[in-house]
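# any chance you could fold what I've pasted below:
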Amino acid sequence: MIFILAQFCGITALVLTVIAVQFKTKESIVMCSIFANIVVAIQFFLLNAITGAGWTIYDIIVKVYVGVIQESSQLISAIIALIRDKKGVKNV
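Predicted coordinates for the structure are as follows:
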């Protein structure tokens, strides 16, 4: 049963990847690609391919950084401010 579920995840990821290249905006392409990679990571976990799942999660993090965070300097500033507040670092 787990193998069948993993195959379904693979087919879903393939469809999401094909759909991703049909979008016109960078944000839409990146978001659909991120969802496809999440499904691929789930597939790897179901197949006990932990290394593959780890690399896929790493790829998701890179796509989030390059596709979403890098374009929004206000978001980066807000995240840095939040981290500083949590650590108790004073702004200089």
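# nearest the geometric middle of the chain, what residue?
residue 60 (2.9 Å; Cα atoms, centre = their mean).
# export whichever strand or helix holds that one to CSV, keeping only CA atoms.
Taking DSSP states H and E as the definition, residue 60 sits inside helix 50-64. The C-alpha atoms that make up helix 50-64 are tabulated as CSV, following Å, rounded to 0.1, in the frame of the first residue of the first chain:
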residue,chain,number,x,y,z
ILE,A,50,16.1,9.6,3.4
THR,A,51,19.0,11.1,1.5
GLY,A,52,16.8,11.9,-1.5
ALA,A,53,14.2,13.4,0.8
GLY,A,54,16.9,15.5,2.5
TRP,A,55,18.3,16.8,-0.8
THR,A,56,14.7,17.6,-2.0
ILE,A,57,14.1,19.6,1.2
TYR,A,58,17.3,21.4,0.6
ASP,A,59,16.1,22.3,-2.9
ILE,A,60,12.9,23.6,-1.5
ILE,A,61,14.8,25.9,0.9
VAL,A,62,16.9,27.2,-1.9
LYS,A,63,13.9,27.8,-4.1
VAL,A,64,12.1,29.6,-1.3
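# next, the contact list for the nearest residue to the residue nearest to the centre of the chain once chain neighbours are set aside, please.
In space, and not counting its chain neighbours, residue 60 is closest to residue 37: 4.8 Å by Cβ to Cβ, 6 or more residues apart in numbering. All C-beta atoms are positioned from the backbone trio N, CA, C, and that covers glycine. Neighbour list for residue 37: 13, 56, 59-60, 63 [criterion: Cβ atoms under 8 Å, 6 or more residues apart in numbering].
# same thing but 6 Å
56, 59-60 (Cβ atoms under 6 Å, 6 or more residues apart in numbering).
# tell me the secondary structure of residue 23, please.
Here residue 23 is recorded as coil under DSSP: H, G, I helix; E, B strand; the rest coil.
# neighbours of the residue lying closest to it once chain neighbours are set aside, just the number please.
Nearest non-adjacent residue to residue 23, counting by Cβ to Cβ, 6+ apart: residue 29, 4.9 Å away. Residues lying near residue 29 (other Cβ atoms under 10 Å) number 17.
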